[in-house]
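*Asks:* got a predicted structure plus its sequence, pasted below:
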Amino acid sequence: QVQLVESGGGLVQPGGSLRLSCAASGFTFSIYTMSWLRQAPGKGLEWISDISAAGGSTNYADSVKGRFTASRDNAKNTMYLQMNSLKPEDTGVYYCGKDLALTSTGWEGSWGQGTQVTVSS
């Protein structure tokens, strides 16, 4: 079955950087567009990035554009999120996802257990 395992979160000061990883298994990773979501404390899930199957196309939410970069290594079944110039409002749990869709009842698809990112001085 689909398994997604995020890692790389932690505590970082404003202006700092983190690199998140997402290890995928249980499906043919290289043929799927993958996504990153996050959930800030007390808020719902927010889409922040997509990356195409081959990695040649990426999309970002306005809130992270220019600061975050998604990438993937299909040989390793792993995707990454490089986060620079972090702000306190970037604090939250970050999830990688597959087949994500926002419906009238919320997000549907597959995602992992998440990794906590805290941006604070």
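*Replies:* Looks like it came in fine.

*Asks:* contacts for the helix or strand of the chain with the lowest mean pLDDT next, please.
*Replies:* None of the helices or strands of the chain scores lower by mean pLDDT, DSSP states H and E than strand 106-111, at a mean of 90. Strand 106-111 has contacts (CB atoms under 8 Å, 6 or more residues apart in numbering) with 2, 4, 37, 44-45, 95-102. C-betas here are computed from N, CA, C, even on glycine.

*Asks:* could you say what helices and strands the longest strand seen in the chain packs with?
*Replies:* Taking DSSP state E as the criterion, the chain has its longest strand at strand 92-103. Contacts defined by 3 or more CB pairs under 8 Å, 6 or more residues apart in numbering; DSSP states H and E place strand 92-103 against strand 3-7, strand 18-25, strand 34-39, strand 45-51, strand 78-83, strand 106-111, strand 115-119.

*Asks:* that one pairs with which strands, and in what direction?
*Replies:* Strand 92-103 has its sheet partners listed here by DSSP bridges as strand 34-39 (antiparallel), strand 106-111 (antiparallel), strand 115-119 (antiparallel).

*Asks:* compute the inter-axis angle for it and strand 3-7.
*Replies:* 150 degrees (axes from the mean of the first three to the mean of the last three CA atoms, to 10 degrees).

*Asks:* contacts for strand 92-103 next, please.
*Replies:* 2, 4, 6, 9, 20, 22, 24, 27, 32, 34-41, 43, 45-47, 79, 81, 107-112, 114-117.

*Asks:* for the record, mean pLDDT for it?
*Replies:* Confidence over strand 92-103 (mean pLDDT, whole number) is 93.

*Asks:* for the residue nearest the centre of the chain, which non-adjacent residue is closest in space?
*Replies:* Per CA atoms, centre = their mean, the C-alpha nearest to the average position across the chain is that of W36, at 2.7 Å. Leaving aside its chain neighbours, W36 sits nearest to S49 (4.4 Å; criterion: CB to CB, 6 or more residues apart in numbering).
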